[in-house]
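Peer 1: Sharing a model prediction with you, sequence too.
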Amino acid sequence: MKKHSKYISLITTLYGQDVKISQPDFVGLHHPIYIAEKNNEKNIIRFSSKECASRNFHVSRLLRKYDIPVPELSFYNFDNQYFETYTFIEGKTLYERHQEGISQEQIKNVYRQLCDICYRMSKIPVKEAENIHLHTCKTDTFFKFLNFSPRVIGHCDLNDKNILLDKNDNVCAILDLDQVELKTFELILINLFEVAKEKGYDFSVESIKDFFPSVYHEKALLNLSQQYEIYKKIVNTKDKILKNKQILQTKCK
């Protein structure tokens, strides 16, 4: 509550006493998010660390350079408090639209667009992100011994609360740039469709060929299907493997 008051006070100092301050329905677990509205203009303000705010600013610039739909971020330091800000984007999350009864065909269209976005992100030269210091997605560390392709730039958490849709239910932005990391393209797709399956959407990795009619050739789809079978087996025995690893580490001490 103390921090909340501090953030409200800081926003008021920046925008003036007549600013209208609210919070979005989904405020995030790790970084406080506010909406500042004044003179018919809305801005999203997200408080975070210097490292995170700076990194996300550069990620935003890189992705927008390649026409990836993400917010155009700025970041600032005021009274030793760092924050990101961007103009409010009108729309609803896929989560909200799902609650309102979006059709299955519309959802599939959203995922076709997401596959295209993921594919285009994967084609951004990793070299261009060297100075941004992208992390390696944590799930990749566990699956590093699989025969996956090289790591590429991808979003590690495209859940339905991070997917913003316009009034025609087309993807207008993907949110939470904290989750843009280095990840193998196969795992980007596998995780995307696994999350979809968990949410109850009526398709999974096996139907991925329907979402890549041209850009993703048959050999790659076959490889993805094979890797997905391995992925499922590993996930099912993950606890056992990690436990054995801990036992081995203890014996080696």
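Peer 2: Good, I have the coordinates.

Peer 1: So, low pLDDT: which residues of the stretch 51-200 of the chain?
Peer 2: By pLDDT under 70, the weakly predicted segments of the stretch 51-200 of the chain are 137-149.

Peer 1: Go again with 80.
Peer 2: 135-150, 186, 194, 197-200 (pLDDT under 80).

Peer 1: where exactly do the strands run in it?
Peer 2: 74-78, 81-87, 92-93, 151-155, 163-165, 171-174, 180-184 (DSSP state E, counting those that start in this stretch).

Peer 1: Between these, which one is closest to Val59.
Peer 2: Closest to Val59 of the strands of the stretch 51-200 of the chain is strand 180-184 (CB to CB; 5.0 Å). Every C-beta, even on glycine, is put in place using the N, C-alpha and C of the backbone.

Peer 1: got the angle between the closest one and strand 151-155?
Peer 2: On the basis of axes from the mean of the first three to the mean of the last three CA atoms, to 10 degrees, strand 180-184 is oriented at 130 degrees to strand 151-155.

Peer 1: And the strands of the stretch 51-200 of the chain: which comes nearest Asn43?
Peer 2: Minimum separation from Asn43 across the strands of the stretch 51-200 of the chain (CB to CB) falls at strand 81-87, 5.4 Å.

Peer 1: CSV please, covering the strands of the stretch 51-200 of the chain and showing distance to Ile107 and mean neighbour count.
Peer 2: Below are the strands of the stretch 51-200 of the chain laid out as CSV (distance: least, CB to CB, whole Å; neighbours: other CB atoms under 10 Å):
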stretch, distance to Ile107, mean neighbour count
strand 74-78, 33, 14
strand 81-87, 26, 19
strand 92-93, 13, 20
strand 151-155, 18, 24
strand 163-165, 10, 22
strand 171-174, 12, 20
strand 180-184, 23, 23
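
Peer 1: Tell me which of those sits nearest to Glu105.
Peer 2: Closest approach to Glu105 among those is made by strand 163-165 (14.1 Å; CB to CB).

Peer 1: what helix or strand is the residue nearest to Thr87 when sequence neighbours are not counted on?
Peer 2: Spatially, and ignoring its direct neighbours in sequence, Thr87 is nearest to Asn43 (6.1 Å; CB to CB, 6 or more residues apart in numbering). Taking DSSP states H and E as the definition, Asn43 sits inside strand 41-48.

Peer 1: Pull the residues that contact that strand.
Peer 2: 7, 11, 24, 28, 30-37, 56, 71, 81-88 (CB atoms under 8 Å, 6 or more residues apart in numbering).

Peer 1: Assumed Asp18 was part of a helix.
Peer 2: No: going by DSSP: H, G, I helix; E, B strand; the rest coil, the assignment for Asp18 is coil, not a helix.

Peer 1: so it sits right up against Lys38, yeah?
Peer 2: Yes: shown here, Asp18 and Lys38 form a contact pair, counting by CB atoms under 8 Å, at 6.6 Å.

Peer 1: Those two - which one has more neighbours?
Peer 2: Lys38 (13 against 8; other CB atoms under 10 Å).

Peer 1: Thought Tyr15 was touching the more buried one, still the case?
Peer 2: Yes: in this structure, Lys38 is within contact of Tyr15 by CB under 8 Å, at 5.4 Å.

Peer 1: and for these two, which residues touch both?
Peer 2: Counting by CB under 8 Å, 6+ apart, Lys38 and Tyr15 have no contacts in common.

Peer 1: nearest residue to Ile89 other than its sequence neighbours?
Peer 2: Distances taken as CB to CB, 6+ apart place Ala173 nearest to Ile89, at 5.2 Å, with adjacent residues excluded.
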